[in-house]
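Engineer: let me see the structure of the following:
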Amino acid sequence: MRSIFFLLLLLVAENCQAERTFVFFRHAEKQMNFSGQLSCQGLNRALRLPEVLVPRYGKPDELYASAPIEEKEGSSIRAVATLMPIAIQTSESIGLQFHARDTHALVSRLLASDNHQVTYIAWEHDHLVDAVKELVSSTGGESAQIPSISPFDYDSIYLVKLDKHLRFKSFTLEKEGLNQLPTQCVNPIES
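Structural biologist: Just a heads-up that it's a prediction; the model follows:
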């Protein structure tokens, strides 16, 4: 009797595992210098992202941003700054273990995470598509379906869904719908 109970419990636990959703997006608009910062328009986008992403995809269980390179002048913190309003509103920490080029390590970590249904990943555009392609191909999907991203595209969302066994289920290219935000900061500093 006890073994039947444990068998049923195991079957229920197996069926309770939900699909995994990975929401990849580029950091918001950047300054036209080497400061590594968001522009005012980028800050406005970052502040609006929680109201766009959370209702659409759900509250994230994990957040990742491409980490700045240590000891490099002008090293970019744009991905972190883009994700910060979501982290604050959801009380989730941001994983900063990986530089933008470390897509293999990122994907390995994403697939090793247990019990996380929704993960947001803010990344640098040159390597965002590499990370998405690696996730798709390593889970049985066709990476050729993943389109490149324009250097001027700050609005695209690369959405990857895996089934409960971490097998590729779908890829969708979506839009944030935030391209028309003001280019001025909310409370500009007078010079």
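Engineer: all helices for this protein, in order.
Structural biologist: 2-16, 40-57, 78-90, 103-112, 125-138 (DSSP state H).
Engineer: possible to save the ones you listed as TSV with distance to Glu176, mean pLDDT and mean neighbour count?
Structural biologist: For glycine as for every other residue, the C-beta is placed from the backbone atoms N, C-alpha and C. As requested, the helices of the chain are arranged in TSV below (distance: least, Cβ to Cβ, whole Å; pLDDT from 0 to 100; neighbours: other Cβ atoms under 10 Å):
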stretch	distance to Glu176	mean pLDDT	mean neighbour count
helix 2-16	31	49	9
helix 40-57	5	97	18
helix 78-90	11	97	20
helix 103-112	21	97	17
helix 125-138	14	97	21
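Engineer: who's in contact with the nearest residue to Glu62 once chain neighbours are set aside?
Structural biologist: Spatial nearest neighbour of Glu62, excluding adjacent residues (Cβ to Cβ, 6 or more residues apart in numbering): Thr119 at 4.3 Å. Taking Cβ atoms under 8 Å, 6 or more residues apart in numbering, we find Thr119 in contact with Arg20, Thr21, Phe22, Val23, Pro60, Asp61, Glu62, Leu63, Tyr64, Leu110, Ser113.
Engineer: okay, and the beta partners of the third one?
Structural biologist: Beta bridges link Phe22 to Thr119, Val160, judged by DSSP bridges.
Engineer: please list all residues in contact with Leu178.
Structural biologist: When contacts are counted by Cβ under 8 Å, 6+ apart, Leu178 touches Arg45, Arg48, Leu49, Val52, Tyr154, Asp155.
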